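K.L.:
sequence? don't have it. structure:
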């Protein structure tokens, strides 16, 4: 299936309006947006929020990691009595809004927000059983912040931790490696395939 941009349309996602344009170009038939929606429903299609994936991601590496590497990590963790966690970073802005809202016809709803925007970053780790650890950071996330998170993750922990991370530079830094080495095997960093957050 081609993307709208490949067909020289203005927007990267398929909307009823974009589909209506393609129908007209190809068949010279003008359909209403309601008719397009009805046809899409008859074809079993629904409007969904897409997942975004880096085009650089290698699907075969991801599949190999899921089928071979992760089962190996799970077996090794079981042998060593270790817990597995998946770690990632994410940013949140004070003016971020997601979704839609209802309003009277012809009146665009207004959401009042402060003009003083700010953002925070969060580092979090979750286990397959749902155990969650997180830390909120003002500013960027570098090696120093990642190591602080690791210290908090390991504080008071009796069992070893296998932490699965992506290729972020802070995860591969010398200082992070040095901290992990200082724990004498109590913490292992294991890496996902490239471009696989």
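P.N.:
Cool, got the structure. Just so it is clear, the structure is predicted and the values come from calculations on it, not from any experiment.

K.L.:
can you report how many residues lie near residue 32?
P.N.:
A count of neighbours around residue 32, defined by other Cβ atoms under 10 Å, yields 10. To be clear about C-beta, it is placed using only N, CA and C from the backbone, and glycine gets the same treatment.

K.L.:
where's the nearest residue to it once chain neighbours are set aside, which helix or strand?
P.N.:
Sequence neighbours aside, residue 20 is the residue nearest to residue 32 in space, at 8.0 Å (criterion: Cβ to Cβ, 6 or more residues apart in numbering). Per DSSP states H and E: residue 20 is located in helix 16-27.

K.L.:
and that helix, what does it pack against?
P.N.:
In terms of contacts (3 or more Cβ pairs under 8 Å, 6 or more residues apart in numbering; DSSP states H and E), helix 16-27 is packed against helix 33-42.

K.L.:
and the helix it packs on with helix 16-27, angle?
P.N.:
Between the axes of helix 33-42 and helix 16-27, defined by axes from the mean of the first three to the mean of the last three Cα atoms, to 10 degrees, the angle is 90 degrees.

K.L.:
who's in contact with helix 33-42?
P.N.:
When contacts are defined by Cβ atoms under 8 Å, 6 or more residues apart in numbering, helix 33-42 is touched by residues 16-17, 19-20, 23, 31, 46.

K.L.:
report the buried members of these.
P.N.:
Burial by neighbour count, judged by 16 or more other Cβ atoms under 10 Å, picks out 16, 19-20, 23, 31 from the contacts of helix 33-42.
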